[in-house]
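>>> let's see this in three dimensions:
(one chain, ligands or ions: 2)
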Amino acid sequence: MATQPNAGRVGAQRRIETSADAQPAGRVGAQRRIETSTDLDTGSTPSAPTRSAEAGSTPSAPTRSAEAGSTPSSPTRSAEPVPARSAAGGVSRRGLLGLLGAGAAGAAVGAASATGITMAATSAMAGTGSGGGAASAYPFFGAHQAGIVTPAQDRLHFAAFDVASTLDRTGLIELLTEWTDAAARLTQGLEVEEGGAVGGSDYAPPADTGEALGLPASGLTITFGFGPGLFTDASGADRFGLAARRPAALESLPRFQGDALQPERSGGDLCIQACADDPQVAVHAIRNLSRIAFGRATLRWSQLGFGRTSSTSTAQATPRNLFGFKDGTANLKAEDGSALDDHVWVQSADGPAWLAGGSFLVARRIRMIIENWDRVQLGEQEQLVGRSKGEGAPLSGGTEFTEPDFEATGATGTPLIDTKAHVRLAHHSSNGGARMLRRGYNFVDGNDELGRLDAGLFFLSYQRSPEQFIAVQRSLAADGLNEYLKHVGSAIFAVPAGVREGEYVGQALFA
Ligand SMILES: C=CC1=C(C)c2cc3[nH]c(cc4nc(cc5[nH]c(cc1n2)c(C)c5CCC(=O)O)C(CCC(=O)O)=C4C)c(C)c3C=C
Ligand SMILES: [Fe+2]
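Ligands and ions are numbered 1, 2, ... in the order given. The predicted model follows:
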């Protein structure tokens, strides 16, 4: 594998040394995970460490964060062994582990399991921003990767990577193994490795960057995806011996009308989606995973998001996008079991076999020209969307979850839902039945040179085939909303199925 330059070296080197203990790559994680679960069994719940108070404040935490209160037994990142000076700083005991936590947790898991969601920690689902609450830890291992039908958390950090030109197949497998290992820990509220932040040598950079010490798991999910360039690079070379395994549909999306794509915000060989109820936890995850990849994969582009613009569970209230409209009403939901098989999960018969149980992820950075939108009359805004701004009910009548009636006409015979309305054009009845699971986030990244906010929707959708997104996006060429939108970033990834304990993410691809 490629030489590890400075910053990521310590952690990576340690992990590689472990893997050199005569274990095939996929076993390393297993061995260390077993150690981890032993830790879980013996872990005690610390009294809140001093640093927890310092690091635990969520910047701009609104009402929703307040709802997602932590429980006393919430899993927090451990800081052990702790040198004296660290103890003086207040991080003196193994943080963790409310994963064990008792009856309330059992009840929550039971309720959540019925929807295909399991939570390893306490905290009621209903009434919290994402459904999980700040203290929740979602299992990393499972049939599908977490972060797809998991109730959408409130915060996002998304990263796309280019693999280094020096990376070979073995190095790629090592990277995925190390990412798996780290993600399994981070999602449980642990440091990237045991004693990673302050328990290592005084003479080496810590393996964990430390900004999440004392913070609970915060519902963190980490979801990995593989871009087209992983299968064949720009020159057409099959560097990793994967070309024959590329899903036929995994290729750059076609150009759509109005696209103003920026290469520096598009594409990527690998991606990581980190969602959490605390932005610091999501950022810590991406930062540390990027660091692990040092010298093997470089960050190509990344995106922060807030205020999820979708609901992925019926237990969640529908949030609003930056146009002020409820977004996610008609989304596919975790509870739609057979619809998920029909529209989200790649089925065995679809091929390739390694992707069964996975999905295709489309990411679009959509700039919303909100200053212009804010000058549009309320009635016109509603016509453009096809729903009322207050309740989110279709303009054909009813309440938020009433099915729109696209045939309904008013007194003058004109359709109540305009022919150019977004929901008409996006609806599956306009697109040969194509549906998708949307999981986007709002973003505001400063402002442009004209003093307009660089704001919009970071659109994320999961679908069984990219054709579903393509069909809907083509239909949206006639969307009246387009006057206020500009698509500036685009990427597509194949998201492998969930990871089994002892394996690394995407292992079936290399089998
Ligand atoms: C190609 C897929 C889609 C893109 C891109 C997209 C962008 C986008 N959407 C909104 C706001 C709303 N979208 C709503 C519904 C909706 N949108 C899509 C797809 C894309 N949207 C679908 C499939 C649907 C559901 C249609 C249906 O079945 O009724 C809504 C209504 C509420 C809801 O159901 O979620 C809003 C509002 C914006 C602002 C935007 C680009 C920035
Ligand atoms: Fe939409």
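
>>> if I look at the residue nearest the centre of the chain, how far off is residue 310?
Nearest to the geometric centre of the chain sits residue 273, at 3.5 Å (C-alpha atoms, centre = their mean). With the distance defined as C-beta to C-beta, to the nearest Å, residue 273 ends up 13 Å from residue 310. Any C-beta I mention is one placed from the backbone N, CA and C, and that applies to glycine too.

>>> tell me where the stretch 101-250 of the chain is predicted with low confidence.
Residue ranges of the stretch 101-250 of the chain with pLDDT under 70: 101-135.

>>> can you show me the strands along it?
Along the stretch 101-250 of the chain, counting by DSSP state E, counting those that start in this stretch, strands occupy 155-163, 221-226.

>>> strand 221-226 and the longest one, what's the angle between them?
Inter-element angle recorded for strand 155-163 and strand 221-226: 30 degrees (by axes from the mean of the first three to the mean of the last three C-alpha atoms, to 10 degrees).

>>> coming back round to it: deepest of the strands of the stretch 101-250 of the chain, which one?
Of all these, strand 221-226 carries the top mean neighbour count, a mean of 27, counting by mean count of other C-beta atoms under 10 Å.

>>> what does the stretch 251-400 of the chain put close to ligand 1?
321, 323, 325-331, 364, 366, 368, 385, 387 (C-beta under 6 Å from any ligand atom).

>>> which element is residue 504 on?
Residue 504 belongs to no helix or strand when assigned by DSSP states H and E.

>>> ok, back up a step: just the residues of the stretch 251-400 of the chain next to ligand 1: which are in helices?
Secondary structure assignment (DSSP state H) places residue 385 from these within helices.

>>> dump the residues of the stretch 251-400 of the chain next to ligand 1 to CSV, plus pLDDT and neighbour count.
What follows is these, written out as CSV (pLDDT from 0 to 100; neighbours: other C-beta atoms under 10 Å):
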residue, pLDDT, neighbour count
321, 97, 22
323, 98, 22
325, 98, 22
326, 97, 21
327, 96, 25
328, 95, 23
329, 96, 19
330, 96, 20
331, 96, 22
364, 98, 26
366, 98, 18
368, 98, 22
385, 98, 27
387, 98, 26
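
>>> that older thread, in this structure the residue nearest to the centre of the chain contacts residue 147, no?
Yes - the criterion here is C-beta atoms under 8 Å, and residue 273 meets it with residue 147 at 5.6 Å.

>>> right, and residue 221 touches residue 153 too?
Yes - in terms of C-beta under 8 Å, residue 221 counts as a neighbour of residue 153; the distance is 7.1 Å.

>>> quick one: residue 319 and residue 138, what's the gap?
On the measure of C-beta to C-beta, residue 319 and residue 138 end up 19 Å apart.

>>> then residue 401?
26 Å.

>>> and the two? which has more neighbours close in?
Ranked by neighbour count (other C-beta atoms under 10 Å), residue 401 and residue 138 place residue 138 first, with 25 against 12.

>>> quick one: that one and residue 149 touch, right?
No - between residue 138 and residue 149 there is no contact under C-beta under 8 Å: 10.8 Å.

>>> what sits in contact with each of residue 221 and residue 153?
275, 276 (C-beta atoms under 8 Å, 6 or more residues apart in numbering).

>>> hey, where'd the helices end up in the stretch 301-450 of the chain?
In the stretch 301-450 of the chain, the segments counted as helices under DSSP state H, counting those that start in this stretch are 337-343, 370-373, 378-385, 422-426.

>>> pick the most buried one from the ones you listed.
Stretch with highest mean neighbour count among those: helix 422-426 (a mean of 22; mean count of other C-beta under 10 Å).

>>> helices or strands up against it?
Where contact means 3 or more C-beta pairs under 8 Å, 6 or more residues apart in numbering; DSSP states H and E, helix 422-426 is packed against helix 378-385, helix 466-475.

>>> ok, now which ones touch the residue lying closest to residue 438 once chain neighbours are set aside?
Nearest residue to residue 438, sequence neighbours excluded (C-beta to C-beta, 6 or more residues apart in numbering): residue 310, at 4.4 Å. Listed by C-beta under 8 Å, 6+ apart, the contact set of residue 310 reads 152, 319, 327, 328, 331, 438, 439, 440.
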